[in-house]
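Novice: Sequence and predicted structure below; questions after.
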Amino acid sequence: MGHHNALVAYRARERAGLLRLAADIVAMAERRNSPLSRGEDAIVVELVKKAQALEHEIIQLQKDALRACPSKHGGAQDA
């Protein structure tokens, strides 16, 4: 389970970094008081898509971790 937790934490940090970068791009456009350029918009969309993919991966890793240790998360299944 430790491996799953470490990978989840790594992926969560990676996801947070992508979302921070997307937010920084949007904030930069707001500071200059103009809409995102086509290129900036494309970058933000791609960053958010990658963050969403990581979110799905994180959820799957968490489910896998729960399946790996069922006795700690829902009772004994040995019976």
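Specialist: Looks like it came in fine.
Novice: Which parts of this protein are helices?
Specialist: Using DSSP state H, the helices of the chain run over 2-31, 38-68.
Novice: As CSV, those helices with mean neighbour count and mean pLDDT would be great.
Specialist: C-beta: built from backbone N, CA, C; applies to glycine. What follows is the helices of the chain, written out as CSV (neighbours: other CB atoms under 10 Å; pLDDT from 0 to 100):
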stretch, mean neighbour count, mean pLDDT
helix 2-31, 14, 94
helix 38-68, 14, 94
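Novice: Once you drop chain neighbours, what's closest to Glu55?
Specialist: Arg15 (6.1 Å; CB to CB, 6 or more residues apart in numbering).
Novice: can you pull the contacts of Glu40?
Specialist: Ile25, Met28, Ala29 (CB atoms under 8 Å, 6 or more residues apart in numbering).
Novice: Please convert these to JSON lines, extending it with distance to Val8.
Specialist: Converted to JSON lines, the contacts of Glu40 look like this (distance: CB to CB, whole Å):
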{"residue": "Ile25", "distance to Val8": "26"}
{"residue": "Met28", "distance to Val8": "30"}
{"residue": "Ala29", "distance to Val8": "32"}
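Novice: List just the nearest of those to Ile43.
Specialist: Ile25 (6.2 Å; CB to CB).
Novice: Test my guess that the closest one contacts Pro35.
Specialist: No. At 11.9 Å, Ile25 and Pro35 do not qualify as touching, with contact defined as CB atoms under 8 Å.
Novice: one step back: closest to Asp64 among the contacts of Glu40?
Specialist: Scanning the contacts of Glu40 for proximity to Asp64, where the rule is CB to CB, the winner is Ile25, at 33.0 Å.
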